[in-house]
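Chemist: The sequence isn't on hand, but the structure is:
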């Protein structure tokens, strides 16, 4: 009997990669992609553990799951960074270049 491929392994790998690449989009898009990748990885892992000799691409699933975890960490850090920016400078300060420069000078004392 020929080994089958896990149904979502390639999707998990692609979503894991995209979650890392999109972490600079305010962290929201990448976080959603990473969570979807982890859900799909969980389903496929359960399928693989029921009958491991039937499937051949478990390494892709595992790699995608690791990338999704890295994507979650990066996206959460990005969200925290943007929350800090908004809390520190405010929305008006982030939109006005001169006001932002003045606040940075005030923070660093130069």
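Modeler: It's in. Nothing here was measured: the structure is a model prediction, and the numbers come from that model. Numbers count the residues shown, from 1 in each chain.

Chemist: What sits closest to the residue with the shortest distance to the centre of the chain if chain neighbours are left out?
Modeler: Central residue of the chain (CA atoms, centre = their mean): residue 71, 2.7 Å from the mean position. The shortest distance from residue 71 to any non-neighbouring residue, by CB to CB, 6 or more residues apart in numbering, is to residue 19 (2.9 Å). C-beta coordinates here come from the backbone N, C-alpha and C atoms, glycine included.

Chemist: helices or strands up against the helix or strand the residue nearest to the centre of the chain falls within?
Modeler: Assigning secondary structure by DSSP states H and E places residue 71 in helix 58-95. If you count contacts as 3 or more CB pairs under 8 Å, 6 or more residues apart in numbering; DSSP states H and E, helix 58-95 packs onto helix 9-21, helix 28-50, helix 97-108.

Chemist: Reformat those helices into CSV and put mean neighbour count next to each item.
Modeler: Shown next, in CSV, are the helices and strands packed on helix 58-95 (neighbours: other CB atoms under 10 Å):
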stretch, mean neighbour count
helix 9-21, 21
helix 28-50, 18
helix 97-108, 11
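
Chemist: Show me what the helix or strand of the chain with the lowest mean pLDDT is packed up against.
Modeler: Lowest by mean pLDDT, DSSP states H and E among the helices and strands of the chain is helix 97-108, with a mean of 86. Applying 3+ CB pairs under 8 Å, 6+ apart, one finds that helix 97-108 contacts helix 58-95.

Chemist: Report the buried residues of the helix it packs on.
Modeler: For helix 58-95, the buried set under the neighbour-count rule, 16 or more other CB atoms under 10 Å, comprises 58, 60-65, 67-69, 71-72, 74-75, 78-79, 89, 93.
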